[in-house]
Structure formats: structure tokens, C-alpha cells
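Engineer: with the input below, show me the fold.
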Amino acid sequence: MPDTTTVMPKTVSRSDWLVARKALLEQEKRLTRERDALSEARRQLPMVRIDKDYVFEGPEGQVRLIDLFQGRRQLIVYHFMFDPAWEKACPGCTGFVKDLPDLKGLHEHDTSLAVIGRAPQAKLEAYRRLQGWDITLYSSFGSDFNYDFHVTSDETVTPAEYNYRPRAEHLANGEPWFADGEQHGISVFLREGDEVFHTYSTYARGVEPLVPVLHYLDLTPLGRQGA
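Structural biologist: Predicted coordinates for the structure are as follows:
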């Protein structure tokens, strides 16, 4: 049930509301300038050449990481939480894919988007059909991809970390849900000819800027209500 315990804003005259709104507008403008500066800093991050030949399973067979670009220069990957042992994907990740925009806007800017989960392709395809999605889901089952990009944490495979923090730190901080298993995130890649470079990854709340429903709720007096 939605949280209805939120303290309601006080009621004031229109003129007093306008004073408060203009003060908030100054804060919004500062945030916009800071966000622009942050975006520029993100674009200036150094990049890492991908030397491993990652192979994924799509509905029509195996594809390589470079194939996911679909001939475009940039690729955004959404790391979709779907453990091979699960019968359903993470509800939050399901909501993320459900709310994806029309990808034509990305394509017009030489950018592709791929959704990759660790469950076998048959499970992903069945889930895609169940949800009625027309987007392709790719499986990283059996590859190092999830481990190398730290969205599957398993100390028996590789030293585990999530959101740039080691497993021990998450446990010490009382965050065991970040210490083991499947996680969500976004990674960005750039293609130069036949070479692929990793430019950026973000995890946890770093994905929020791409979840439109949260930003709509942030405009309302009751806020996210636990979302």
C-alpha cells in the first residue's frame, strides 16, 4: 500500500507560494548546472580496451559484445537481475525494462541498448513473452561477463564487489543484499572500428536517473512512497 503518513505541505497564499517557488527554482538551476558539469566529467572519463571476447546467447544464437552495437558506435548495457535458479526476474529490473523508452531516439544518436541477464536464454525468452516485451533479452550464462562487470557476486568465482566496494565492506555496513548474488547496473561501451572500450558503469542508486517513474514521483508532494 502507498505510504499515506507523509506530512502534508502547509497551505499558504498564492503570493507566499510564489516566493517559496522562486527560491526553490534557484536550487533547481544550481542542480542543473552541477548536473551538466557532472555529465561533462563523465564524458571525459578514461576508457579501458575490452580484450576478452564475450559471447552471449540471443534468441537466434550466439552473439559477441561487438554485435550488440548493431553497427552503431555506442552501446548501453542494462545488467538485468535474473539468477539462473530463479523462475522470475527481479521486480525492479522488470519495471525498468517495462518503462524503457522508444529506442529509436538512441539509435538516431548512434547508440544501441542491450538488456543482458545471467539466466539461460530459454528462461529469458519465456519471461520476455510473459511480459509481452518486444525488446531482445541476451543471456550471459556461462560467461565471465557478469563477474567481470561486478553484477554477480560469488567469492568462489572471483573477489566480489558491488558499486566499487568489496563484499566485506557491504557486510560491515549492514548491507548483505549487496554482498552476494545478482545485482543491477548499467555499463557503457564505445566502439572504434573492431575495438570495444568500456567507458562507464554505475550501480544501485546510480541507475535512478534512467527510471522515469521515480522522477515523476519526485515532483509530487507524497514523493516516491516506498518506490
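Engineer: and the next helix or strand past the longest helix along the chain?
Structural biologist: Ranked by number of residues, the top helix in the chain under DSSP state H is helix 14-43. Remark: after helix 14-43, the chain's next helix or strand is strand 48-49, criterion DSSP states H and E.
Engineer: so what touches that following strand?
Structural biologist: 195, 196, 197, 198 (C-beta atoms under 8 Å, 6 or more residues apart in numbering). Placement of C-beta: from N, CA and C, glycine included.
Engineer: look up how far residue 150 lies from the last one.
Structural biologist: The one in question is residue 198. Per C-beta to C-beta, to the nearest Å, residue 198 is found 12 Å from residue 150.
Engineer: the second one now?
Structural biologist: Noted for residue 196: a distance of 18 Å to residue 150, by C-beta to C-beta.
Engineer: and residue 82, by the same measure?
Structural biologist: Distance, residue 82 to residue 150, using C-beta to C-beta: 16 Å.
Engineer: comparing these two, which residue is more hemmed in?
Structural biologist: A direct count of neighbours by other C-beta atoms under 10 Å for residue 82 and residue 150 places residue 82 higher, at 27 against 21.
Engineer: how far out from the middle of the chain is the least confident helix or strand in the chain by mean pLDDT?
Structural biologist: Least confident helix or strand, the chain: helix 212-218 with a mean of 89, by mean pLDDT, DSSP states H and E. With C-alpha atoms, centre = their mean, to the nearest Å as the basis, helix 212-218 stands 15 Å off its chain's centre.
Engineer: who touches that helix?
Structural biologist: So helix 212-218 is contacted by 95, 99, 101, 208, 209, 223, 224, 225, 227 (C-beta under 8 Å, 6+ apart).
Engineer: which of the residues you listed fall within helices?
Structural biologist: residue 95.
Engineer: put together CSV for the contacts of helix 212-218, with distance to residue 61 and pLDDT on each row.
Structural biologist: Listed next are the contacts of helix 212-218 as CSV, based on distance: C-beta to C-beta, whole Å; pLDDT from 0 to 100:
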residue, distance to residue 61, pLDDT
95, 29, 94
99, 29, 91
101, 28, 87
208, 34, 92
209, 34, 90
223, 45, 90
224, 41, 87
225, 43, 84
227, 38, 67
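Engineer: which one of the contacts of helix 212-218 is nearest to residue 74?
Structural biologist: Each of those was checked against residue 74 using C-beta to C-beta; the closest is residue 101, at 15.9 Å.
Engineer: and the protein, what are its domains?
Structural biologist: 14-42, 51-210 (automatic domain parsing).
Engineer: wait, residue 160 touches residue 166, no?
Structural biologist: Yes - judged on C-beta atoms under 8 Å, residue 160 makes contact with residue 166 at a distance of 7.1 Å.
Engineer: and the two? Which one has more around it.
Structural biologist: residue 160 (22 against 14).
Engineer: nearest spatial neighbour of that one, skipping sequence neighbours?
Structural biologist: Take residue 160 and drop its neighbours on the chain: the residue closest to it by C-beta to C-beta, 6 or more residues apart in numbering is residue 153, 3.6 Å away.
Engineer: count the residues that sit near that neighbour.
Structural biologist: 22.
Engineer: so what sits opposite it in the bridge?
Structural biologist: residue 181 (DSSP bridges).
Engineer: any idea how far it lies from residue 205?
Structural biologist: 18 Å.
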